[in-house]
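Q: Turn this into a structure:
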Amino acid sequence: MPLVVGNLVIGERYVEPQGKSQIFNKTNGDFCEILFRPRDTWKTKEEDKNFISGAIKDKNGIEKFKIWGKYSDKIYLQNSLTG
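A: Numbers count the residues shown, from 1 in each chain. Coordinates of the predicted model:
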């Protein structure tokens, strides 16, 4: 997963993850695919900064949970099988 360092010359510096990341559970084969939404320096609204979205899937690729939110605030999880 790439990391971006912003405001090297002017302003408050920050480090921000961007792109896709996968997390694997070696015990049962489940995995999580997360997309870290990149910040657009000039257009991004405050509520869109630090936003992630993705899914937790079983070893066969069947989605079990949806995941979304802000990694700097709250992350939500919804069971895809029961709604």
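
Q: Nearest the middle, which residue of the protein would you pick?
A: Centroid-nearest residue in the chain, with Cα atoms, centre = their mean: Ile52, separated by 3.0 Å.

Q: is it true that that one touches Trp68?
A: Yes. With contact defined as Cβ atoms under 8 Å, Ile52 counts as touching Trp68 (6.6 Å). Any C-beta I mention is one placed from the backbone N, CA and C, and that applies to glycine too.

Q: what do these two both touch?
A: Ile75 (Cβ atoms under 8 Å, 6 or more residues apart in numbering).

Q: Let me see the contact set for Ala55.
A: Contacts of Ala55 (Cβ under 8 Å, 6+ apart): 32-33, 63-67, 80.

Q: any idea how far it lies from Ile67?
A: 7 Å (Cβ to Cβ, to the nearest Å).

Q: Common neighbours of the two, please.
A: Joint contacts of Ala55 and Ile67 (Cβ under 8 Å, 6+ apart) are Cys32.

Q: May I have the beta-bridge partners of the residue nearest to the centre of the chain?
A: Here Ile52 sits in beta bridges with Phe36, Gly69, going by DSSP bridges.

Q: List the contacts of it.
A: Taking Cβ under 8 Å, 6+ apart as the criterion, Ile52 is in contact with 34-37, 67-71, 75.

Q: And the buried ones among these, selectable in PyMOL?
A: Restricted to buried positions by 16 or more other Cβ atoms under 10 Å, the PyMOL selection for those reads:
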select buried, resi 34+35+36+37+67+68
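
Q: could you redo the contacts of Ile52 as CSV and give each row distance to Glu16 and pLDDT?
A: Compiled in CSV, these are given as follows (distance: Cβ to Cβ, whole Å; pLDDT from 0 to 100):
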residue, distance to Glu16, pLDDT
Ile34, 14, 95
Leu35, 13, 93
Phe36, 8, 89
Arg37, 10, 85
Ile67, 18, 96
Trp68, 17, 95
Gly69, 16, 94
Lys70, 12, 92
Tyr71, 10, 88
Ile75, 16, 95
